[in-house]
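Participant: fold the following, please.
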Amino acid sequence: MDETDRKIIELLQQDGRMDDVEIARKTGVSHDTAKRRRKKLEDAGCIKIQANINPHKFGYTSVFFLGITLAPGIDVRKIAEKLALRKELFFVALSLGPTHAIVAACFARDQIILNKLVEELRTWKEIEKIETNIIYEVVKSGYHSIQV
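Facilitator: Below is the predicted model of the structure:
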């Protein structure tokens, strides 16, 4: 990765919809070079362009983070992959720390939906404990400030 790649990433962090012509103009390379470099960064998994939704505009009133502690000896990755199949959860990650093995997040239209999800997960024999955190305000979101 050279300075041109870094500049392309920086520009796309500022505006993910920026087209290759504008990227070329701002980096001082040809349109073909900008397009090829952007595609190479995408294909290598360095960047991913996607739309982030505003959950409130879709009727979701709350965002919840679940701290999930598993019973001793349980395969954490296997349970995380099982959780990742749940459409209610938009984020599932393995976690190191004093209490959690998995952190998951979901949007909910009301508290009842969250309660149903948590009660169902509590029936899983692999799960020892679930801690629920309600996110009432997001101050910063995304990976926009990563410096390359």
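Participant: how much space separates the most centrally placed residue in the chain from K82?
Facilitator: Closest residue to the average C-alpha location of the chain: F91 at 5.5 Å, with Cα atoms, centre = their mean. The spacing between F91 and K82, counted by Cβ to Cβ, to the nearest Å, is 15 Å. The C-beta positions use only the backbone N, C-alpha and C, and glycine is treated the same way.
Participant: confidence score at the residue nearest to the centre of the chain?
Facilitator: Per-residue pLDDT puts F91 at 92.
Participant: phi and psi next, for it.
Facilitator: The phi and psi values for F91, taken as degrees, to the nearest 10, are phi -150, psi 130.
Participant: show me the contacts for the residue of the chain positioned farthest from its centre.
Facilitator: Farthest-out residue of the chain from its mean C-alpha position, per Cα atoms, centre = their mean: S30, at 32.6 Å. Shown in contact with S30 (Cβ atoms under 8 Å, 6 or more residues apart in numbering): A24.
Participant: quick one, phi psi at it?
Facilitator: Reported as degrees, to the nearest 10, the phi and psi values for S30 are phi -70, psi 160.
Participant: just the pLDDT at it, thanks.
Facilitator: As summarised for this prediction, S30 has a pLDDT of 96.
Participant: same thing with the one 10 residues further on?
Facilitator: pLDDT, the model's per-residue confidence, is 96 for K40.
Participant: ok, and what's touching stretch 110-122?
Facilitator: Around stretch 110-122, the neighbours that count as contacts under Cβ under 8 Å, 6+ apart are 61-62, 64, 66, 68, 86, 88, 106, 108, 127, 130, 132.
Participant: quick check: PyMOL command selecting the buried ones in the residues you listed.
Facilitator: Once 16 or more other Cβ atoms under 10 Å is used to decide burial, the buried members of the contacts of stretch 110-122 can be selected in PyMOL as follows:
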select buried, resi 62+64+66+68+88+106+108+127+130
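Participant: just checking, which of the contacts of stretch 110-122 belong to strands?
Facilitator: With strands defined by DSSP state E, the entries of the contacts of stretch 110-122 inside them are 62, 64, 66, 68, 106, 108, 127, 130, 132.
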